[in-house]
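**Q** Only the shape, not the letters, is given here:
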């Protein structure tokens, strides 16, 4: 442990920047810069936009500024591979203040969101099959994954996966209603009339 001058308490020491400029350091090889994109061109249908925006705004209102709610930003969890990413329609990171300037989410900087919601839409195609998305969410470390597909028959539109004993397991759902473990609320699908 470093020895701090007696007049410097440990609280101040913890506020020192974690990155220090080392002008005399040499490296064995040149660093290879990695680019983590902040956007991609993926078409979004009007209904998809409405549902995504509604849930985002509702969760922002319910959770307030002490929890971070995001929508449609890339989430990266592998600092070596920018291709290991997802872009949930809505996600929540609890106990982290809302940041209105999120361009992309890197788990090594911000931690892992606990909840992610995906809306399936015929207009959108990000090129990732659903089974691969579930595998990526498992790798990401998500606690609860919700999938809503309005094209499925009534009673089969809602699917949910939970992290149980380290595994991401699909929940058995009767109808289109199930508890939301992360929010301590209930997911309910109802037709607009």
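**A** Cool, got the structure. In this text the structure is predicted, and so the values were computed from the model without any measurement. Residues are numbered from 1 along each chain as shown.
**Q** tell me what the longest strand belonging to the chain is packed against?
**A** Looking across the chain with DSSP state E, the single longest strand is strand 158-164. Contacts defined by 3 or more C-beta pairs under 8 Å, 6 or more residues apart in numbering; DSSP states H and E place strand 158-164 against strand 144-148, strand 167-170, strand 177-180. All C-beta spots, glycine's among them, are computed from the backbone N, C-alpha and C.
**Q** May I see those strands organised as JSON lines, with mean pLDDT added?
**A** Shown next, in JSON lines, are the helices and strands packed on strand 158-164 (pLDDT from 0 to 100):
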{"stretch": "strand 144-148", "mean pLDDT": "96"}
{"stretch": "strand 167-170", "mean pLDDT": "96"}
{"stretch": "strand 177-180", "mean pLDDT": "94"}
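**Q** tell me the most buried of those strands?
**A** strand 144-148 (a mean of 22; mean count of other C-beta atoms under 10 Å).
**Q** Name every strand pairing with that strand and say which way it goes.
**A** strand 115-119 (parallel), strand 158-164 (antiparallel) (DSSP bridges).
**Q** Disregarding flanking residues, what is the spatial nearest neighbour of residue 148?
**A** Counting by C-beta to C-beta, 6 or more residues apart in numbering, residue 119 is the residue found nearest to residue 148 once chain neighbours are left out, at 5.3 Å.
**Q** Can you get me a residue count around that neighbour?
**A** Counted with other C-beta atoms under 10 Å, the neighbours of residue 119 add up to 22.
**Q** cool, and residue 131?
**A** For residue 131, the neighbour count with other C-beta under 10 Å is 8.
**Q** Buried residues of the helix or strand hosting it, list them for me.
**A** Using DSSP states H and E, residue 131 sits in helix 130-140. Of the residues in helix 130-140, 133, 134, 136, 137, 138, 140 count as buried by neighbour count, 16 or more other C-beta atoms under 10 Å.
**Q** now that helix against strand 144-148, angle please.
**A** Counting by axes from the mean of the first three to the mean of the last three C-alpha atoms, to 10 degrees, helix 130-140 lies at 160 degrees to strand 144-148.
**Q** If you count contacts, what does helix 130-140 end up packed against?
**A** strand 85-86, strand 144-148, strand 167-170.
**Q** Compare these and report which one is nearest to residue 94.
**A** strand 144-148 (11.2 Å; C-beta to C-beta).
**Q** what residues does that closest one touch?
**A** Under the criterion C-beta atoms under 8 Å, 6 or more residues apart in numbering, residues 51, 114-120, 130, 134, 137, 157-163, 168, 180-182, 187, 189 lie in contact with strand 144-148.
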